[in-house]
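Colleague: below are the sequence and a predicted model; questions follow.
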Amino acid sequence: MTLSPVSAGMAMRQSPWGWLGYVAALAVIFLLYWYLPGQLLILTRIAMIAILVMSLDLVTGYGGLPTLGQAAMFGMGAYAAGLFAKFVMPDPLLGLLVAAGSGALLAFIAGLFLVRYQGLAFLMLTIAVALIMQNLASKLQFITGGDDGLSGFEVSPIFGQFQFDIFGVTGYWYSMIVMLVSFAVLRRIMRSPFGLCCVGIRENRDRMAANGTRIYPHLVKLYTLSGVFAGIAGGLFAQVNQVVGLDSLGFELSAEALVMLVLGGLGTLSGAIIGTTLYTMIHHFAATANPFHWLFVIGGLLMLVVFLPKGFLQQLMRRLGLNVLALFGRRA
């Protein structure tokens, strides 16, 4: 580690918001539940996918390694949680731990090889890993259900009290709380000296290496950490929906996650949640109004990804902030 004590102290310092920010987030979650009872399934999906996008943000936003294979760990966690519930025990919290461990294991094994590469080579290799996992899931039909998907499993009530229901109430609160806890944990980690080292590697790998930072172990740890939370997202998906299909390992999911991340902003974690929310709501309302409209919308979003790779909302807020400062400067 090459961070000074001052830098390390700044990394661990609490935000001025402190716990007030999390209280506000819980208030928003409650208000959404109260005022949008008919949209709980969509909101639950937003929470689950937001965890996946946050895991992608670790690798792409903080590590500077663009990937299109994050669905591999998501699907691994989903199948692990489903198989655990079907053949071992239906406890949701233990199943979530199994999903996290499965995602971490796959990410660690793949990361030992993948993080040696950068740029396009890394991107293509992550796609290859996801395709391999999808083909394995398709071939191992006696375990995964193949093209029909993994089904026939149930999840027991959370803490023995909160049963998953067809209205999605338990699934909503379960997913939202896991998302909020995941955000808090990742925020803490990425503000630690380890997180600052990862940002330093992203900004200037050669300089960090010259300062004595061990690049390879840091990137392996970061990729494994992303696998943990991608697995958690997949486990949530399996438990809430009680079915796992091959699309949970598909390229489309990885590509959509990258679009969501770029839409919200890289390297912020909160941008992952915002981008996921915007993308999912736009998709829902555009597809509901007219399925063909979504083709034009996705085209526009892809253009944003190409021309604003650092994040659409980040660029917008930065410009608005500069304009506000200029306005106050003129008035002064």
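Modeller: Yep, it's here.
Colleague: what about the helices in the stretch 101-250 of the chain?
Modeller: For the stretch 101-250 of the chain, applying DSSP state H, counting those that start in this stretch gives helices covering 119-139, 141-144, 169-190, 193-203, 205-210, 215-241.
Colleague: could you dump those helices into a markdown table with distance to L249 and mean pLDDT added?
Modeller: The C-beta positions use only the backbone N, C-alpha and C, and glycine is treated the same way. Below are those laid out as a markdown table (distance: least, CB to CB, whole Å; pLDDT from 0 to 100):
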| stretch | distance to L249 | mean pLDDT |
| --- | --- | --- |
| helix 119-139 | 4 | 94 |
| helix 141-144 | 10 | 91 |
| helix 169-190 | 20 | 95 |
| helix 193-203 | 26 | 92 |
| helix 205-210 | 30 | 88 |
| helix 215-241 | 9 | 96 |
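Colleague: Serialize the ones you listed to TSV and add fields for distance to L269 and mean neighbour count.
Modeller: Formatted as TSV, those follow (distance: least, CB to CB, whole Å; neighbours: other CB atoms under 10 Å):
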stretch	distance to L269	mean neighbour count
helix 119-139	21	17
helix 141-144	32	13
helix 169-190	6	20
helix 193-203	10	19
helix 205-210	22	13
helix 215-241	11	26
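Colleague: nearest to L94, of those?
Modeller: Shortest separation from L94 across the helices of the stretch 101-250 of the chain is recorded for helix 215-241, at 10.2 Å, computed as CB to CB.
Colleague: give the buried residues for the following helix or strand past the closest one.
Modeller: Moving toward the C-terminus from helix 215-241, the next helix or strand (DSSP states H and E) is helix 251-264. For helix 251-264, a neighbour-count test (16 or more other CB atoms under 10 Å) marks L253, S254, A255, E256, A257, L258, V259, M260, L261, V262, L263, G264 as buried.
Colleague: for helix 251-264, list the C-alpha coordinates in PDB.
Modeller: In PDB, the C-alpha atoms belonging to helix 251-264 read as follows (Å, rounded to 0.1, in the frame of the first residue of the first chain):
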ATOM      1  CA  PHE A 251     -25.000 -11.400 -23.300                       C
ATOM      2  CA  GLU A 252     -28.100  -9.200 -23.400                       C
ATOM      3  CA  LEU A 253     -28.100  -8.800 -19.600                       C
ATOM      4  CA  SER A 254     -24.400  -7.900 -19.500                       C
ATOM      5  CA  ALA A 255     -24.900  -5.300 -22.200                       C
ATOM      6  CA  GLU A 256     -28.000  -3.800 -20.600                       C
ATOM      7  CA  ALA A 257     -26.100  -3.600 -17.300                       C
ATOM      8  CA  LEU A 258     -23.300  -1.700 -19.000                       C
ATOM      9  CA  VAL A 259     -25.700   0.800 -20.600                       C
ATOM     10  CA  MET A 260     -27.400   1.300 -17.200                       C
ATOM     11  CA  LEU A 261     -24.000   2.000 -15.600                       C
ATOM     12  CA  VAL A 262     -22.900   4.500 -18.300                       C
ATOM     13  CA  LEU A 263     -26.300   6.200 -18.100                       C
ATOM     14  CA  GLY A 264     -26.000   6.800 -14.400                       C
END
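Colleague: helices or strands up against that helix?
Modeller: helix 40-57, helix 71-87, helix 119-139, helix 270-289, helix 291-307, helix 312-331 (3 or more CB pairs under 8 Å, 6 or more residues apart in numbering; DSSP states H and E).
Colleague: what is the orientation angle of it with helix 270-289?
Modeller: Put simply, helix 251-264 runs at 120 degrees to helix 270-289, going by axes from the mean of the first three to the mean of the last three CA atoms, to 10 degrees.
Colleague: chain center to helix 251-264, what's the gap?
Modeller: Helix 251-264 has its C-alpha centroid displaced from the chain centroid by 10 Å (CA atoms, centre = their mean, to the nearest Å).
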